[in-house]
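S.K.: Sharing a model that was predicted from the sequence below.
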Amino acid sequence: MDYYNENTNKIRRRKISSNDYLSKKAESNKSIESKVNINNIKREENRNSYKSHRKGNLKKRKTSKNKKLLKGVSILFLIMLIITSSIGMMFTISALKDSPKVTRDLIEDNYISSQVVSVDKIPNNLKNALVSIEDERFYEHNGVDYKSLLRSVIHNVFSDSTQGGSTIEMQISKNLLTNDDKSIKRKITDMYNALQMDKIMSKEEILGTYLNNVYFGKSSYGVAKASQVYFGKNVEDLTLAQCAMLVGITNNPAKYIDHGQAKKRQETILYKMHELRYITDEEYKNAVKENVPFKSEIE
């Protein structure tokens with residue numbers, strides 16, 4: 001019995017010792033795994049830190065390179081701008097060297113029409129029709145509409161069609177003081193004349209000058225003769241519909257002396273006048289419906 005108990009105790013001690021060993025081994029393995037994991041984490045952190053540091057350095061180098069490139073481009077652009085401005089200034093001075101001083105006498109001496117009507121006899125509808133279709137910012141600019149000019153340049157560069165940016169003052173300059181040459185020199189001169197014109201004349205006087213000299217087709221220069229030729233009446237008696245019709249003809253007399261074409265152009269002008277609030281809804285509707293035959297069609 002004692003022998004049996006002693007053997008049992010030995011076996012139990014062996015099991016406990018074995019279990020302790022296994023437990024210690026497991027703890028040791030866990031400790032090793034933990035250390036391995038910690039080392040792996042540290043290595044990953046170091047790797048990520050290195051990558052992040054490297055990316056940061058690359059980004060800094062790239063940013064620094066971009067700044068240098070941008071600075072170089074800016075300096076080059078500034079140099080080109082200075083050179084272009086200098087050339088433009090010299091060309092402008094050369095273009096205006098022989099241009100006469102713009103005065104009222106100079107403008108009146110170059111009148112084309114022999115039938116001149118005073119501006120107070122020209123209906124407001126006629127003046128408003130002209131402004132609406134030819135130069136809607138007429139009362140805002142000082143002779144040159146730079147927005148319209150820039151827009152026309154961009155349009156002409158990127159489009160097959162051409163678009164003008166001339167103001168009413170610039171058109172007066174072309175009609176009375178310069179010529180029809182399609183040159184930069186002539187355009188610069190017209191701009192200069194327009195600016196000078198705006199200093200010595202009121203907007204009403206400028207409108208009167210334009211309408212008294214513009215070509216309406218059928219050998220008619222000036223609205224006084226045109227109103228007689230097309231409608232057989234004095235200019236002050238023109239209706240809204242007739243005013244819009246006459247102004248429309250000036251855009252292309254060869255085309256709009258045809259009544260059908262003139263009527264289409266008239267409706268465009270009336271729409272523009274309504275859009276800009278020169279006429280009311282009722283005035284617009286009545287003018288579009290109004291029968292406006294040319295005198296030649298009646299006779």
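M.R.: Perfect, I can see it now.

S.K.: For Ser113, which non-adjacent residue is spatially closest?
M.R.: Among residues not flanking Ser113 along the chain, Gly222 sits closest, at 3.2 Å (Cβ to Cβ, 6 or more residues apart in numbering). The way it works is simple: take the backbone N, C-alpha and C, and place the C-beta from them, glycine included.

S.K.: wait, that neighbour sits on Val214?
M.R.: Yes: using Cβ atoms under 8 Å, Gly222 is in contact with Val214, at 7.2 Å.

S.K.: More neighbours: which of those two?
M.R.: Set Gly222 next to Val214 and count neighbours by other Cβ atoms under 10 Å: Val214 wins out with 25 against 22.

S.K.: residues touching the closest residue in space to the more buried one that isn't next to it in sequence, list them.
M.R.: Nearest-residue entry for Val214: Thr250, 5.0 Å, with adjacent residues in sequence omitted and distances by Cβ to Cβ, 6+ apart. Neighbouring residues of Thr250 by Cβ atoms under 8 Å, 6 or more residues apart in numbering: Val214, Tyr215, Phe216.

S.K.: tell me the phi and psi of Thr250?
M.R.: phi -60, psi -20 (degrees, to the nearest 10).

S.K.: now the protein, which segments are flagged as low pLDDT?
M.R.: 1-62, 65, 68, 71, 74-98, 153, 155-164, 298-299 (pLDDT under 70).

S.K.: Repeat the analysis, applying 50 as the threshold.
M.R.: Applying pLDDT under 50 to the chain flags the ranges 4, 85, 91.

S.K.: how close does the residue nearest to Val214 get to Val119?
M.R.: Distance of Thr250 to Val119, computed by Cβ to Cβ, to the nearest Å: 17 Å.

S.K.: Also Gly72?
M.R.: Taken as Cβ to Cβ, the span from Gly72 to Val119 is 57 Å.

S.K.: ditto for Lys199
M.R.: 18 Å.

S.K.: Equivalent analysis for Glu267, please.
M.R.: For Glu267, the distance to Val119 - Cβ to Cβ - is 27 Å.

S.K.: With Leu176 instead?
M.R.: 16 Å.

S.K.: Beyond the strand or helix carrying Lys187, next helix or strand please.
M.R.: Using DSSP states H and E, Lys187 sits in helix 184-200. For helix 184-200, the succeeding helix or strand toward the C-terminus, using DSSP H and E, is helix 203-213.

S.K.: could you give the angle of that next one to helix 184-200?
M.R.: Between helix 203-213 and helix 184-200, the angle comes out at 130 degrees (axes from the mean of the first three to the mean of the last three Cα atoms, to 10 degrees).

S.K.: Show me what counts as buried in helix 203-213.
M.R.: Across helix 203-213, burial judged by 16 or more other Cβ atoms under 10 Å covers Ile206, Leu207, Gly208, Thr209, Tyr210, Leu211, Asn212, Asn213.
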